[in-house]
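Asks: Here's my sequence, what's the structure:
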Amino acid sequence: MKKRYWKAASVLVLGLSLSLVLLTGCSKEETKSNSSSNSSETTQSFALKDADNLLLNVSEVKVAKTEDKNKKVILTMDIENNGLEGKDIGSIDFYLEGDGKEYAVDANSNNFGEPVDSGKELKKNLTFVIPEKLTKAKLVYKPADKVLAEWEIEIPSPNE
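Replies: Numbering: from 1, shown residues only. I've put the predicted structure just below:
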């Protein structure tokens, strides 16, 4: 009877070990395929900004190569309404400033505009098309006539 339990335990341990090896192998392949794409990510930290009770932060910067001499910058924004009432926010409230020019959000990309209820959080992307040579820019949040938040962003080159 004890031999039967030892065989069952051995098969179980062997099966689990094989599963771990296979799962590890799959995750390595995913990393390789992601790193060979035409986009790149950068790890930067940004300060959380309070813009009239909307807590805003840039959580990720991605860059993708375009067919012309431009690049797409995709900025992931974390948005939280810290106020007592709902607030509206949209991608049109943001722009990039660099080399003395202002760059509006890309009209051909997935943009957003929606209310954020009190205590709720959103994670949304802002996409800008900028010249390939631009390596530094300032992200500006200006919902009306007043700038409420700014972030200095280093923009990497897209992977070739």
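Asks: Leu148 contacts Phe94, correct?
Replies: No - in this structure Leu148 lies outside contact range of Phe94 using C-beta atoms under 8 Å: 10.6 Å. Backbone N, C-alpha and C define where each C-beta goes, glycine included.
Asks: Which one's more surrounded, the two?
Replies: The residue with the greater number of neighbours, taking Leu148 and Phe94 and applying other C-beta atoms under 10 Å, is Phe94; the counts read 22 against 16.
Asks: can you give me the strands in this protein?
Replies: Residue ranges of the strands in the chain, as given by DSSP state E, are 39-42, 49-51, 54-65, 70-81, 87-90, 94-98, 101-104, 113-116, 121-131, 136-141, 149-154.
Asks: how about the ones you listed in CSV, adding mean pLDDT?
Replies: Written out in CSV, the entries for the strands of the chain read as follows (pLDDT from 0 to 100):
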stretch, mean pLDDT
strand 39-42, 57
strand 49-51, 96
strand 54-65, 95
strand 70-81, 96
strand 87-90, 96
strand 94-98, 97
strand 101-104, 97
strand 113-116, 95
strand 121-131, 96
strand 136-141, 97
strand 149-154, 96
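Asks: residues in contact with Ala104?
Replies: Residues in contact with Ala104, defined by C-beta atoms under 8 Å, 6 or more residues apart in numbering, are Ile92, Tyr95, Phe128.
Asks: which residues does it form a beta bridge with?
Replies: Listed beta-bridge partners, Ala104: Tyr95 (assigned using DSSP bridges).
Asks: just to revisit the earlier point, for Glu121, state which of the contacts of Ala104 is nearest.
Replies: Using C-beta to C-beta, the shortest approach to Glu121 within these belongs to Ile92, at 20.3 Å.
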